[in-house]
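> This is a predicted model, with the sequence first.
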Amino acid sequence: MNGSRLVSDIGVPSTVSIRSVGDTNSTASPSLTTAPVPLPKGSKYAFAIAQGSRIILGNETASEIIASFPNEKPIIQLLTDKEAIYVIHSDGNIHAIDQSGKLLWQFRTSGFDEADPHSILTENALVTESDTGIIAIDLHSGKKIWSHQTLFPPHNLIYDNRSKVIITSLSFDGDTFGLGDSLHHHATDSVLCLTTAGVVKSRFGIPGDRIISNLCICGKGNNLVAFGYLHQPGGGDLRTIHAAVFSGIESGNPKKISDHELPYLPTQIASNGLMVFTGGFYGTGSSLESGIDAFAADDTMKLWQRRFTYPVVLPFAVSKTYLYFSLTFSAEAIAPAQSIFYTLDVTTGKTLGELPVTGAQSGFAIGIPMPIGESGFILADRNRSAIYFLKP
């Protein structure tokens, strides 16, 4: 929940298998609408995923639909812990169910950004970004604990377990990529830090800048925050693209300790503590800049870079040893269409593995590669009810 996308050292995946899940005959919503999320150890199944308004639990050998909400809007995010599965609908409705499908509680907010839902779990609360601000809901009772109204839409909630604070970014107009006429010298995105009781601990603005990535906890002491942003100095037409690392956000004394200019939009940020990884793309006409860069978290050193001829779009995962991500090639370029799942060495950026995943014609559901314990990854197809299992 701290934005780092840190996973176990799973190794280099070299085999892939596929399993259909859910209602494959459904005409209303045949595709999966969330990325898979892990279930606690000891559960009958390994993962939960949503297909429209249905909840599916599964593993490598079996799956079943355990709950359905036929009168609700599609499910856009799932969260899990030992007690429940938390179901986030696009209209702001939230259900908590157990692994048998029994309803535990229900809560309704004012709605979410369907394209970019962000809800997280803290020790005792589900914290979510609604249209009007941030709301904390008690995990056991389903009742509101506190709310914080914001003038601009909040994005990119993370939870710093070390400092017990909730951090989010506030966008000037909600234009995530900020590439239109809305980015001006007077536009001030900001970073907001709240305690788990909903009390504002700090807030700082970055005048003329637009935050375009997730927020990510990083650093040797896990006390730094990294993100990508667009900068338009002095209100002119020139725009530069950056990734920066800040210290002191949780204490209310923010300080930029490093800043790196990039040729692409760094919409994806990950960290294994000592290193920060940025990824994304920027296309203009026939020109495309796409890549992944690695930086030292605690100083200004750039460690390595990789450039690609296809866009880096989906979130990647990182361990102490490996960086995991996928590139999707268009059907016009390769027949049959396929994605390539990459494993890179985090210290050098060199490719350790390229695993073709045939059939994922339009890529995978948005989410990091989900670990199956320490033995592999799960990826969900974007346009059909299929799960891919990737193993070393």
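Cool, got the structure.
> For the stretch 251-392 of the chain, which segments count as strands?
Ranges of strands within the stretch 251-392 of the chain are 255-262, 265-271, 275-284, 287-296, 302-307, 317-318, 322-328, 338-345, 351-358, 370-371, 377-380, 386-391, based on DSSP state E, counting those that start in this stretch.
> Residue 163 touches residue 250, doesn't it?
Yes: contact criterion CB atoms under 8 Å: residue 163 and residue 250 qualify, at 4.4 Å. Quick note: C-beta positions are derived from backbone N, CA and C, even for glycine.
> Could you tell me which residues touch both of those two?
Shared contacts of residue 163 and residue 250, defined by CB atoms under 8 Å, 6 or more residues apart in numbering, are found at residue 223.
> State the distance from residue 209 to residue 242.
Using CB to CB, to the nearest Å, one gets 8 Å for the distance from residue 209 to residue 242.
> Which of these two has more residues huddled nearby?
residue 209 (23 against 18; other CB atoms under 10 Å).
> three-state assignment of residue 50?
Three-state assignment for residue 50 (DSSP: H, G, I helix; E, B strand; the rest coil): strand.
> Verify the contact between it and residue 73 for me.
No: contact criterion CB under 8 Å: residue 50 and residue 73 do not qualify, at 11.5 Å.
> ok, these two, which is more surrounded?
residue 50 (29 against 16).
> Which one of the strands of the stretch 251-392 of the chain lies nearest to residue 153?
Judged by CB to CB, the one of those that comes nearest to residue 153 is strand 265-271, at 16.7 Å.
> Just list the residues touching the residue nearest to residue 212 when sequence neighbours are not counted, thanks.
Nearest non-adjacent residue to residue 212, counting by CB to CB, 6 or more residues apart in numbering: residue 228, 5.2 Å away. Applying CB under 8 Å, 6+ apart to residue 228 gives the contacts 211-213, 241-244, 262, 265-267, 269, 278, 280.
> Can you tell me the element residue 228 falls in?
strand 224-231 (DSSP states H and E).
> what's in contact with whichever helix or strand comes after that strand?
Per DSSP H and E, the first helix or strand lying C-terminal to strand 224-231 is strand 240-247. By CB under 8 Å, 6+ apart, the surrounding residues in contact with strand 240-247 are 191, 213, 218-219, 223-231, 233, 254-266, 269, 276, 278, 282, 293, 295, 297.
> Buried ones among the residues you listed?
In the contacts of strand 240-247, burial by neighbour count holds for 191, 213, 218-219, 223-231, 254, 257-258, 260, 262, 264-266, 269, 276, 278, 282, 293, 295, 297, counting by 16 or more other CB atoms under 10 Å.
> And the strands of the stretch 251-392 of the chain: which comes nearest residue 40?
strand 370-371 (13.4 Å).
> Would you list the strands that that closest one pairs with, along with their directions?
Sheet pairing of strand 370-371 (DSSP bridges) gives strand 377-380 (antiparallel).
> what residues does the strand it pairs with touch?
Applying CB under 8 Å, 6+ apart, the set of residues contacting strand 377-380 is 10, 13, 32, 34-36, 46-47, 49, 317, 324, 326, 341, 357, 360, 364-365, 367, 369-372, 386-391.
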